[in-house]
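**Student:** sequence-free structure coming up:
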């Protein structure tokens, strides 16, 4: 157990972090997980190492801060009377740690994001329900058009066909073989549209399907039940249940009786990220670590009687402005408000930069212009590995889709963003009232799935070697392990994925139904453009797939160039103009 104490300012801002490797950690492939305020160290097999935070070193000997420190805390909180309730809570938490009390001191960006979204009292997703659509804060593809969810239903049918045709057990059993899981289902619109497509194409499959929704908000659960009411309480209907965590939902899957189909649409972008900044002078003359020059970005409270630019940090190193907030860089921040700071030295979070999953991104970012930012999400990695493990263990097959946004291939950029009322703002402006997300690193997800295959094979080999020394047994174990591999499908653009599933044909069918209704045709054209145009969601949003080797055929991921969709700027398949009513609605990609 190693301990690293970081002093961000001379006024003894401190943060103690303790690295606790799992006893059975696989040293060949280091896959890490960021866990704050929890003792749960469960993970997919031996692929996990856990970082927890030991705060005991910064508590005062008398169990609390001194009277002077307490007065400073009260002064800091009172200095920001317009702060949101969550901001005041975080200011107090940071200040108590800074002044030697039982607080946390500066927060990592991951801790800050987690609090903004999941705080039990003031978190964005625990207290708000009107976050989607024109009256909310942002719009997602399922809210743009029913066609998006319907085409995911078509994808589900192609996978269900494989499951029932390839497995005699699945074809003849009467229980609910298909476990359709959605991570972060919002208002339940996408699932309702998908189930409607399944009912239209394969109505017999609904009675064989159990729908599991991973949702933490009781308010959202109520809305989701209403959205799916047409598929409930009927002999041919679905079985519906809710789960608080991904682990809980996946844990309910039987390896011999169930086939998981997992949908994650704009779910991974909400996973907290650790953020690091690097300038070339930081790494001059230093070669001990592969992460030389990378320093963690933290959220701190502006110290007393200070008036610093919002982009100022300890040591004078600049913090890059958030997406759509360049104007904030010249604003002044006052005593008691939140600010971003850059650690002057290594923190325990730097251990992730040596991780086999993240190391390629680190190496690629070394060539970026000075300064550059690196963002990694250990929580996203551990989640995709759990998803891959669930699919691998099913003897009936299964698959998963991850649909989210990523601007480009390079990870060396600042992508953490806040959005409220369809407008981007500083992530520090209104904690708890705005959605906070970051780009998804699909390359890291792919590497994690590949590493999980290697680990599964190694475990099978070790298990066979321990029970029999015969080489034939070992070969058989390896062959069996290869058969149970999961196949990662590299991310394709949303436009390509939807085109292969028949998006144009479906919109044309809807256009025929509305006939000569000019307003309806214009809305269809607008919806189509929003989903498919490079100016909107078409190319910024990507689709990443995972399939069991038992059900390997994945619609939407064709590698043939002739099957690739090219959006034409003058394309108008339904109407001459697009005057729909969603032009002012903003998605979370920053497009």
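**Tutor:** Here it is on my side, so go on. Since the structure is predicted, the reported quantities are computational estimates derived from the model, not experimental observations.

**Student:** ok, which stretches of the stretch 101-250 of the chain are helices?
**Tutor:** Assigned by DSSP state H, counting those that start in this stretch, the stretch 101-250 of the chain shows helices spanning 109-118, 124-127, 141-144, 146-166, 168-172, 189-201, 218-227, 246-251.

**Student:** Tabulate the ones you listed (CSV), appending distance to residue 434 and mean pLDDT.
**Tutor:** The C-beta positions use only the backbone N, C-alpha and C, and glycine is treated the same way. Listed next are the helices of the stretch 101-250 of the chain as CSV, based on distance: least, CB to CB, whole Å; pLDDT from 0 to 100:
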stretch, distance to residue 434, mean pLDDT
helix 109-118, 8, 94
helix 124-127, 7, 82
helix 141-144, 18, 89
helix 146-166, 24, 95
helix 168-172, 44, 60
helix 189-201, 22, 96
helix 218-227, 17, 91
helix 246-251, 24, 95
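
**Student:** Show the end-to-end separation of stretch 533-544, please.
**Tutor:** Start to finish, the residues bounding stretch 533-544 are 19 Å apart (CA to CA, to the nearest Å).

**Student:** one step back: can you say which of the helices of the stretch 101-250 of the chain is nearest to residue 511?
**Tutor:** helix 146-166 (11.3 Å; CB to CB).

**Student:** Can you classify residue 419 by secondary structure?
**Tutor:** On the three-state scheme (DSSP: H, G, I helix; E, B strand; the rest coil), residue 419 is labelled strand.

**Student:** swap in residue 424?
**Tutor:** Reduced to three states by three-state DSSP, residue 424 is strand.

**Student:** any idea how far residue 434 is from it?
**Tutor:** In this structure, residue 424 and residue 434 are separated by 9 Å, where distance is defined by CB to CB, to the nearest Å.

**Student:** Just the pLDDT at residue 468, thanks.
**Tutor:** Reading off the confidence values, residue 468 has pLDDT 52.

**Student:** Could you shift the numbering so residue one becomes 44, and keep it that way?
**Tutor:** With 44 as the first residue, the last one maps to residue 511.

**Student:** ok, back up a step: quick one, which of the helices of the stretch 144-293 of the chain is nearest to residue 595?
**Tutor:** Using CB to CB, the nearest of those to residue 595 is helix 189-209, at 8.2 Å.

**Student:** Please point out which parts of the closest one sit buried.
**Tutor:** For helix 189-209, the buried set under the neighbour-count rule, 16 or more other CB atoms under 10 Å, comprises 189-203, 205-207, 209.

**Student:** Stretch 252-261 now?
**Tutor:** For stretch 252-261, by 16+ other CB under 10 Å, it's 252-260.

**Student:** which residues are contacting that stretch?
**Tutor:** By CB atoms under 8 Å, 6 or more residues apart in numbering, the surrounding residues in contact with stretch 252-261 are 161, 168-169, 172, 219, 221-228, 231, 234, 238, 241, 264, 267, 271, 274, 281-289, 291-292, 295.

**Student:** out of these, which are buried?
**Tutor:** 168-169, 172, 219, 221-228, 231, 234, 238, 241, 264, 267, 271, 274, 281-283, 285-286, 289, 292, 295.

**Student:** Report all helices and strands that the longest helix seen in the chain contacts.
**Tutor:** Using DSSP state H to define each element, the chain has its longest helix at helix 485-510. Other helices and strands packing on helix 485-510, by 3 or more CB pairs under 8 Å, 6 or more residues apart in numbering; DSSP states H and E, are helix 402-408, helix 421-436, strand 442-448, helix 514-526, strand 529-536, strand 584-591.

**Student:** next structured bit after the first one?
**Tutor:** This points to helix 402-408. Remark: after helix 402-408, the chain's next helix or strand is strand 415-419, criterion DSSP states H and E.

**Student:** in that following strand, what counts as buried?
**Tutor:** Of the residues in strand 415-419, those buried under the neighbour-count criterion (16+ other CB under 10 Å) are 415-419.

**Student:** okay, these in TSV with distance to residue 550 and pLDDT next?
**Tutor:** As requested, the buried residues of strand 415-419 are exported to TSV (distance: CB to CB, whole Å; pLDDT from 0 to 100):
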residue	distance to residue 550	pLDDT
415	41	78
416	39	84
417	40	89
418	36	92
419	38	93
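
**Student:** CSV please, covering these and showing distance to residue 557.
**Tutor:** CSV is the format used below for the buried residues of strand 415-419 (distance: CB to CB, whole Å):
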residue, distance to residue 557
415, 49
416, 47
417, 48
418, 43
419, 46
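
**Student:** Please identify which of those residues is nearest to residue 562.
**Tutor:** Closest approach between the buried residues of strand 415-419 and residue 562, by CB to CB: residue 418, at 42.4 Å.

**Student:** and the closest one, how far is that from residue 237?
**Tutor:** Taken as CB to CB, the span from residue 418 to residue 237 is 31 Å.

**Student:** Fine by me, we can end here.
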